[in-house]
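Student: coords please:
(4 chains)
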Number of protein chains: 2
Amino acid sequence: MTLSELNKPARSGAATGASASTRRMINRDKLEADILAQAVRIFAECGYEGTSIATIAEQAGLSKQNLLYYFPNKQALYKRVLDDVLDEWLERMNLLADAGKEPQQVLRSYVEAKLRFSREHPWGSRLYAMEVIGGAPMYGQEIKKKLIPLLRKDIAVFEQWISEGKIAPVNATHLLFTIWAMTQSYADFSTQMCLVLNRKQLTRSDFADAEKLITDMVLASISLKESAPPSAA
Amino acid sequence: MTLSELNKPARSGAATGASASTRRMINRDKLEADILAQAVRIFAECGYEGTSIATIAEQAGLSKQNLLYYFPNKQALYKRVLDDVLDEWLERMNLLADAGKEPQQVLRSYVEAKLRFSREHPWGSRLYAMEVIGGAPMYGQEIKKKLIPLLRKDIAVFEQWISEGKIAPVNATHLLFTIWAMTQSYADFSTQMCLVLNRKQLTRSDFADAEKLITDMVLASISLKESAPPSAA
DNA sequence: GTCTATAGCCCGATAGAC
DNA sequence: GTCTATCGGGCTATAGAC
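Tutor: You can find the predicted model right below:
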């Protein structure tokens, strides 16, 4: 079960399975999805306090009071949005480091997936970043429970590769941090990048260029220099 | 003249030079500095809308109405804070790429300076990041005028190095973006990093480790591979 | 320059009719 | 489920006494 399913408000008719309530359920799910899609964008653009639920409601085509029928309060909506972001992220990232694939291929996939998330879910990426920058005052516990263990696992995989001599002895923790930083930045700082590039928004070609450079940098940093013999120091 | 000096409110007694008003000026400057120091922290923690000037005033030890005597309104205070951040940043970064130094040394200094800014001015770094993530709705013009030209100049320097064969033919624009991303992240994402590292805050040793890895990655990406001859393609 | 008082606004949330 | 109406509170900013 995903985080977002856990956080969904219990709904009265959800367990009946009758055709009428099922039809209603579909409408309700669509409406919730519309609300969530607007919410992630507006929260990311305006911040938590800068966002009024009336604005979200208006953009989703319903009244503020009606929105509060679907979500109990503003904070619950906010956490639900972040749940969905984290769910989607974990789903894409979780299956990368498990198999016995080569380090190079795993890191290629990691960079590609994280960068694709920045491209396909810019609002979610930015909203997550804003929450973390502010000290994760509302979502820190969930990050601690759900994300941090996976990041630690990734670092452990890197360190395993190092101890097996598969990659150069880099600092595994900071390697992960820098990969995160570079890929995340193409969502968070796209405004600044667009100003430099004189574009309205980043193109697929920009992301392809970024992926190539980031991948090259990461692979170069872990590549074993054949000229250096095992040191005795 | 710096951005912050331009944005300072004109004050009545500033031009007299009399000893009494000079003494008052010093007090006023100290009070303004206190307000700005609290403002940058609270704006970064809570966002623009999430920050009330009453909170800033309280933390600086004066009343909200009194704060509004020193700064005309909330937005002016906010922009002044960002001016100071950008001033400090430009001051540190501007003198790096001018001289005829070697690319390796310039990039070492660039990473070191940007990372030191993240360590010494975490609130300023984070506040700037939040403004950019939200689309720079209040400070976009200043970024466009003051920062973007310098970033373009840096990119042009990288491209000059490439055309002179001093560094490998990487994508200069994205090289700058990734350096920015990696160094910036040690301010913006320190909360997440601390959770991974199980620390209250990042240590000097963490920043030293980061600097080493980032520098190695950047220098590896620009290093000329001696085995590859100049291609005819 | 610092104080009290308050105008004027927006917001989140609730109550209750239908 | 959707509506109208409204409460209670916090906010920016201003007015004016001292």
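Student: alpha carbons only for contacts and neighbour counts from here, please
Tutor: Fine.
Student: Go through the biggest helix by length in chain A and flag the buried ones.
Tutor: The longest helix of chain A (DSSP state H) is helix A:19-50. Of the residues in helix A:19-50, A:21, A:25, A:31-32, A:34-48, A:50 count as buried by neighbour count, 16 or more other Cα atoms under 10 Å in any protein chain shown.
Student: Next, the residue in chain A positioned nearest to DNA strand D: phi, psi?
Tutor: Going by Cα to the nearest atom of the strand, DNA strand D is nearest to A:S63 of chain A, at 4.9 Å. When read as degrees, to the nearest 10, the backbone of A:S63 gives phi -90, psi 160.
Student: Tell me if I'm right that it and A:A54 touch.
Tutor: Yes. If you go by Cα atoms under 8 Å, A:S63 and A:A54 touch, sitting 6.9 Å apart.
Student: what inclination does the longest helix of chain A have with respect to helix B:19-46?
Tutor: Interaxial angle of helix A:19-50 relative to helix B:19-46 (axes from the mean of the first three to the mean of the last three Cα atoms, to 10 degrees): 160 degrees.
Student: for helix A:19-50, packing partners?
Tutor: helix A:53-60, helix A:74-93, helix A:122-133 (3 or more Cα pairs under 8 Å, 6 or more residues apart in numbering or on different chains; DSSP states H and E).
Student: average pLDDT for the last one?
Tutor: Yep, that's helix A:122-133 we're talking about. The average pLDDT within helix A:122-133 is 98.
Student: which other residues reach that helix?
Tutor: A:40-41, A:43-45, A:47, A:82, A:85, A:117-118, A:137-140, A:184, A:187-188, B:44-45, B:126, B:130, B:133-134, B:188-192 (Cα atoms under 8 Å, 6 or more residues apart in numbering or on different chains).
Student: Can I get that helix in CSV, CA atoms only?
Tutor: Provided in CSV are the C-alpha atoms of helix A:122-133 (Å, rounded to 0.1, in the frame of the first residue of the first chain):
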residue,chain,number,x,y,z
PRO,A,122,8.7,19.6,-12.0
TRP,A,123,6.0,20.8,-9.5
GLY,A,124,6.4,17.9,-7.3
SER,A,125,10.2,18.1,-7.3
ARG,A,126,10.0,21.8,-6.5
LEU,A,127,7.5,21.4,-3.7
TYR,A,128,9.6,18.7,-2.1
ALA,A,129,12.6,21.0,-2.3
MET,A,130,10.7,23.9,-0.7
GLU,A,131,9.6,21.7,2.1
VAL,A,132,13.2,20.5,2.7
ILE,A,133,14.8,23.9,2.4
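Student: buried ones in whichever helix or strand comes after that helix?
Tutor: Later in the chain than helix A:122-133, the nearest helix or strand by DSSP states H and E is helix A:140-142. Buried residues in helix A:140-142, defined by neighbour count with 16+ other Cα under 10 Å: A:E142.
Student: how deep is the nearest residue to A:K200 once chain neighbours are set aside tucked in, by neighbour count?
Tutor: Once flanking residues are discounted, A:K200 sits nearest to A:C194: 6.3 Å by Cα to Cα, 6 or more residues apart in numbering or on different chains. A:C194 has 14 neighbouring residues, counting by other Cα atoms under 10 Å in any protein chain shown.
Student: ok, now A:Q65?
Tutor: 12.
Student: okay, it: pLDDT?
Tutor: On the pLDDT scale, A:Q65 is placed at 98.
Student: Going by secondary structure, it is in what exactly?
Tutor: helix A:64-70.
Student: That helix and DNA strand C, any residue contact?
Tutor: Yes. Counting by Cα under 7 Å from any atom of the strand, DNA strand C is contacted by helix A:64-70 at A:Q65, A:L68.
Student: same deal with stretch A:131-147?
Tutor: No. Figure legend: stretch A:131-147 not in contact with DNA strand C (Cα under 7 Å from any atom of the strand); closest approach 13.2 Å.
Student: Pull out the buried positions in that stretch.
Tutor: So stretch A:131-147, judged by 16+ other Cα under 10 Å, has buried residues A:E131, A:V132, A:I133, A:G134, A:G135, A:A136, A:Y139, A:E142, A:I143, A:L147.
Student: Between the two ends of stretch A:162-182, how far is it?
Tutor: 22 Å (Cα to Cα, to the nearest Å).
Student: Within range of DNA strand D, give me the residues from chain A.
Tutor: Where chain A comes near DNA strand D, counting by Cα under 7 Å from any atom of the strand, the residues are A:R24, A:M25, A:R28, A:L62, A:S63, A:Q65, A:N66, A:Y69.
Student: And the contacts of stretch A:195-213?
Tutor: For stretch A:195-213, contacts defined as Cα under 8 Å, 6+ apart pick out A:111-112, A:115, A:119, A:186, A:190-191, A:193-194, B:144, B:148-149, B:151-152, B:170-171, B:174-175.
Student: Mark which of these are buried, thanks.
Tutor: For these, buried by 16+ other Cα under 10 Å: A:111-112, A:115, A:119, A:186, A:190-191, A:193, B:148, B:151-152, B:170-171, B:174-175.
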